[in-house]
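1. Give me a 3D structure for the following:
(2 chains)
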There are 2 protein chains.
Amino acid sequence: MENASTPPPAVDQSAADATGTPRLTSADVHRAERRLTGRLWRTPVIRSDQLDALVGARLWLKAENLQRSGSFKVRGALLAVEQLTASGSHGVIAQSTGNHAIAVALAAREYKLPSVAVLPSDAAPGKIRRVRDAGAEVVLAGTLLADRVAKVEELRQLYGYDVVDPYQNPHVVAGQGTATAELISQVAADGGRLDAVVVPIGGGSAIAGASLAADGHGLAVVGAEPEAVPAFTAALRAREPVTVPAHHTIADGLRPDRIGGLPFALAHRAVDTVITVSESAIGHALRTALLDARLLIEPAAATALAAALEYASGPVSDVGVLLSGGNVDPSLVRSIMAGRGGRGQ
Amino acid sequence: MENASTPPPAVDQSAADATGTPRLTSADVHRAERRLTGRLWRTPVIRSDQLDALVGARLWLKAENLQRSGSFKVRGALLAVEQLTASGSHGVIAQSTGNHAIAVALAAREYKLPSVAVLPSDAAPGKIRRVRDAGAEVVLAGTLLADRVAKVEELRQLYGYDVVDPYQNPHVVAGQGTATAELISQVAADGGRLDAVVVPIGGGSAIAGASLAADGHGLAVVGAEPEAVPAFTAALRAREPVTVPAHHTIADGLRPDRIGGLPFALAHRAVDTVITVSESAIGHALRTALLDARLLIEPAAATALAAALEYASGPVSDVGVLLSGGNVDPSLVRSIMAGRGGRGQ
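-> Got it, this is the predicted structure:
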């Protein structure tokens, strides 16, 4: 929060293409890394003999489930709220089903700004509690994205607060990219060299940030999305974001049924492969992380791990995985642990 | 395994007091650290805003649940097996209910020595599997320590193998101390300074190693043991190791009903406080680690965390905790998660 009144911008917004899309580059991610230094945990990169033996390659797990706020989303939220504070904001609003709301609430508290989180009326009690614990006022609005977006607009006009968009805000995207940048440098410091990094795809900020961070490192960027909501796969096919039918997935962080325009613009050429993951593979990966890597991860992160287990079985030797978060409801842990077909019993 | 034929001893066995107890010092721990460099994961020290808020102090969690073999015991096992290999051993035998057997099996495999693990006949299937996966022959022998010790002696004579004692072997004790030594230096590298380190007490190798590692750092060494088996508390009172009635505890790693002679000699003056922990507090701490720190730990480690949560509520600011291991049966995770009285759901 040093120099909060006059921070140098983490993203150079003067650069934009003809459509108005900011021209983010890896330099923006490195600028974001410097801005965030000392304000986050430097989360560890975890290795597991058991997982390595399973796939016949080395997996490097970037444990953002251990990050402040319980997910990597605090990275982008801190930068976005910092910029809004510097430009005289009176408060912030975020709509989310979870991690982005927790992250924005925590960032707003650090900048002493009031914050409002718009959550679905059927949000898990544990998530509502975490958002409130982080200091936000919680407003429940319907069960659809459209309900929440309408409520956000209403509150924006009523309070005069600024909206922190989870996918379209360039500070958010650059900030999310710092997780992958850290992973790459931590592996290098340990004498390794990644062939690929596997990242979950929801609205797209993680894969866009990873695309920026991986630029110039000669590694493949692999996306992971649930079979139930294959929004990025559909966008690649259509060559633009399209809305897909959203079936139910336990990966609540990956439910957006349409990839953001900014993330798609940044990621669509950089991504090598997108692996779609079944619901049972997500559950299996969550259980594997718990029992073989001793980490509690949320289903979005388990989606990336499941894709990595598949990808790493191919002809590669070192695969990084963004374990994006660990905000998971106790009831889901119970049901995953009670699930059939697992190992160990 | 470099120079496996002529390693410098990690422990100077020429130094011993009048009773024959090796005079281990912090220098032996630092020598052990150098011997182990590059052969283990440098496990992270995890911070959690949620845990800190709970106790009003900063907790620094040394995550040895993420260590190779799933526990810190691999540290001492590697050193002990290295020494035996250097002195021409044909194979090793370890009796254990779990982590020491897994660790010795893994160490023996690295030195290409055959190994036999003597486990109780009612050992959890998951533990037996892990020992076999690590490459040991498993022999089941009764349900009592005496049954296993008799079987070890029988096999020793039959095979001519060497026994790796979990508490009395000075290499094991010095090796276990390296976990605490690393914790102290990792916290210092992060700008912190520990007031205390909290360590679980079973047979005593962890607390003895921690006592050596903490020497000269001006911090309190705090032991944690289950109320069900208060062997160290009883030994402190009697001023020598005594056998206590062992009631049932979920902390299977802390079941030894008598502290080892060597650990007691090393630790009894160095330890500031011993906190005894109820079974419900152990279960609660395991659940807290999972939901608030996103780490799966075993009940022995949860015993240390429970004691640390109590200790850190007092007038201290920075408390280190040795999360000794993460080898926990899926069925126990299920029952802890289904338990009543927890938070979140």
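2. ok, now which ones touch A:Pro226?
-> A:Thr249, A:Ala251, A:Leu254, A:Thr276, A:Val277, A:Glu279, A:Ile282, A:Thr303 (Cβ atoms under 8 Å, 6 or more residues apart in numbering or on different chains). Using the backbone N, CA and C atoms, a C-beta is placed for each residue, glycine as well.
3. Bridging across strands, which residues link to it?
-> A:Val277 (DSSP bridges).
4. sorry, back to before: so which of the contacts of A:Pro226 is the most crowded?
-> Each of the contacts of A:Pro226 was scored for neighbours by other Cβ atoms under 10 Å in any protein chain shown, and A:Thr303 scores highest at 36 neighbours.
5. Are we agreed that it is in a helix?
-> Yes. Per DSSP: H, G, I helix; E, B strand; the rest coil, A:Thr303 lies within a helix segment.
6. got a list of what it touches?
-> Contact analysis of A:Thr303 by Cβ under 8 Å, 6+ apart lists A:Pro200, A:Ala224, A:Glu225, A:Pro226, A:Ala251, A:Leu254, A:Val277, A:Ile282, A:Ala285.
7. circling back to that earlier point, which one of the contacts of A:Pro226 is nearest to B:Glu182?
-> B:Glu182 has its nearest neighbour among those in A:Thr303, at 33.1 Å by Cβ to Cβ.
8. circling back to that earlier point, among the contacts of A:Thr303, which one lies nearest to A:Ala77?
-> Nearest to A:Ala77 among the contacts of A:Thr303, with distances taken as Cβ to Cβ, is A:Pro200, at 17.3 Å.
9. That closest one: neighbouring residues, count only.
-> Number of residues near A:Pro200 (other Cβ under 10 Å) recorded here: 30.
10. Now do the contacts for the residue lying closest to it once chain neighbours are set aside.
-> Nearest non-adjacent residue to A:Pro200, counting by Cβ to Cβ, 6 or more residues apart in numbering or on different chains: A:Ala304, 4.3 Å away. Neighbouring residues of A:Ala304 by Cβ under 8 Å, 6+ apart: A:Val198, A:Val199, A:Pro200, A:Ala224, A:Val321, A:Leu322, A:Leu323, A:Ser324.
11. Recalculate using a threshold of 10 Å.
-> With contact set as Cβ atoms under 10 Å, 6 or more residues apart in numbering or on different chains, A:Ala304 has these partners: A:61-62, A:197-201, A:206, A:222-225, A:251, A:254, A:275, A:277, A:282, A:285, A:297, A:320-324.
12. Out of the residues you listed, which sit inside strands?
-> A:61-62, A:197-200, A:222-225, A:275, A:277, A:320-323 (DSSP state E).
13. For the stretch 101-250 of chain A, which segments count as strands?
-> A:115-119, A:137-140, A:162-163, A:196-200, A:220-226 (DSSP state E, counting those that start in this stretch).
14. quick one, which of those is packed in tightest?
-> strand A:196-200 (a mean of 29; mean count of other Cβ atoms under 10 Å in any protein chain shown).
15. okay, the angle between that strand and strand A:220-226?
-> With axes from the mean of the first three to the mean of the last three Cα atoms, to 10 degrees applied, the angle from strand A:196-200 to strand A:220-226 works out at 30 degrees.
16. Show me which helix runs longest in chain A.
-> Across chain A, the longest stretch assigned as helix under DSSP state H is helix A:170-189.
17. In it, which residues are buried?
-> A:170-184, A:186-187 (16 or more other Cβ atoms under 10 Å in any protein chain shown).
18. How about stretch A:26-35?
-> Of all the residues in stretch A:26-35, those buried under the rule 16+ other Cβ under 10 Å are A:Ser26, A:Asp28, A:Val29, A:His30, A:Arg31, A:Ala32, A:Glu33, A:Arg35.
19. and chain B, which of those residues reach it?
-> The subset of the buried residues of stretch A:26-35 lying close to chain B, counting by Cβ under 10 Å from any Cβ of the partner chain, is empty.
20. Can you flag which of the residues you listed belong to helices?
-> Those of the buried residues of stretch A:26-35 lying in helices (DSSP H): A:Ser26, A:Asp28, A:Val29, A:His30, A:Arg31, A:Ala32, A:Glu33, A:Arg35.
21. From A:Gly216, how far off is the second one?
-> If I follow you right, that is A:Asp28. According to Cβ to Cβ, to the nearest Å, A:Asp28 stands 14 Å off from A:Gly216.
22. can you check the fifth one too?
-> As for A:Arg31, its distance to A:Gly216 is 15 Å (criterion: Cβ to Cβ).
23. Just give the number of residues close to the residue nearest to A:Leu61 when sequence neighbours are not counted.
-> Using Cβ to Cβ, 6+ apart and skipping residues adjacent in sequence, the residue nearest A:Leu61 is A:Ile46, 4.3 Å away. Counted with other Cβ under 10 Å, the neighbours of A:Ile46 add up to 24.
24. With the one 4 residues further on instead?
-> Taking other Cβ under 10 Å as the criterion, the count of residues near A:Gln50 is 16.
25. contacting residues for it?
-> A:Gln50 neighbours (Cβ under 10 Å, 6+ apart): A:Thr288, A:Leu291, A:Asp292, A:Ala293, A:Arg294, B:Arg68, B:Ser69, B:Gly70, B:Arg130, B:Asp133.
26. Let me know the closest of those to B:Arg334.
-> A:Leu291 (11.3 Å).
27. Am I right that the closest one falls within a helix?
-> Yes. According to three-state DSSP, A:Leu291 belongs to a helix.
28. Could you chop chain A up by domain?
-> A:26-70+A:169-338, A:73-163 (automatic domain parsing).
29. and the first one, how far from the chain's centre?
-> Read that as domain A:26-70+A:169-338. 7 Å (Cα atoms, centre = their mean, to the nearest Å).
30. Start and end of that domain, how far apart?
-> 43 Å (Cα to Cα, to the nearest Å).
31. And A:Gly76, how close does it get to B:Gly209?
-> Using Cβ to Cβ, A:Gly76 is found at 42 Å from B:Gly209.
32. Check A:Pro114 too.
-> Distance, A:Pro114 to B:Gly209, using Cβ to Cβ: 50 Å.
33. What of A:Arg129?
-> Counting by Cβ to Cβ, the gap from A:Arg129 to B:Gly209 is 39 Å.
34. ok so, going back, winner for burial among the domains of chain A?
-> Taking mean count of other Cβ under 10 Å, domain A:26-70+A:169-338 is the most buried of those, at a mean of 22.
35. Return the member of the buried residues of stretch A:26-35 nearest to A:Val163.
-> Looking across the buried residues of stretch A:26-35 and measuring by Cβ to Cβ, the closest to A:Val163 is A:Ala32, at 20.1 Å.
36. who's in contact with that closest one?
-> A:Ala32 neighbours (Cβ under 10 Å, 6+ apart): A:10-11, A:24, A:75-76, A:78-79, A:170-178, A:181, A:209, A:212-213.
37. now do A:Ala188
-> A:Leu194, A:His217.
38. what about it, distance to chain B?
-> The gap separating A:Ala188 from chain B is 15 Å, by Cβ to the nearest Cβ, to the nearest Å.
39. Just the pLDDT at that residue, thanks.
-> Looking at A:Ala188, its pLDDT stands at 97.
40. Pull the residues that contact stretch A:123-132.
-> A:69-70, A:94, A:96-99, A:101-106, A:115, A:117, A:119-120, A:136-138, A:140, A:143, A:252, A:327-332, B:50, B:291, B:343-345.
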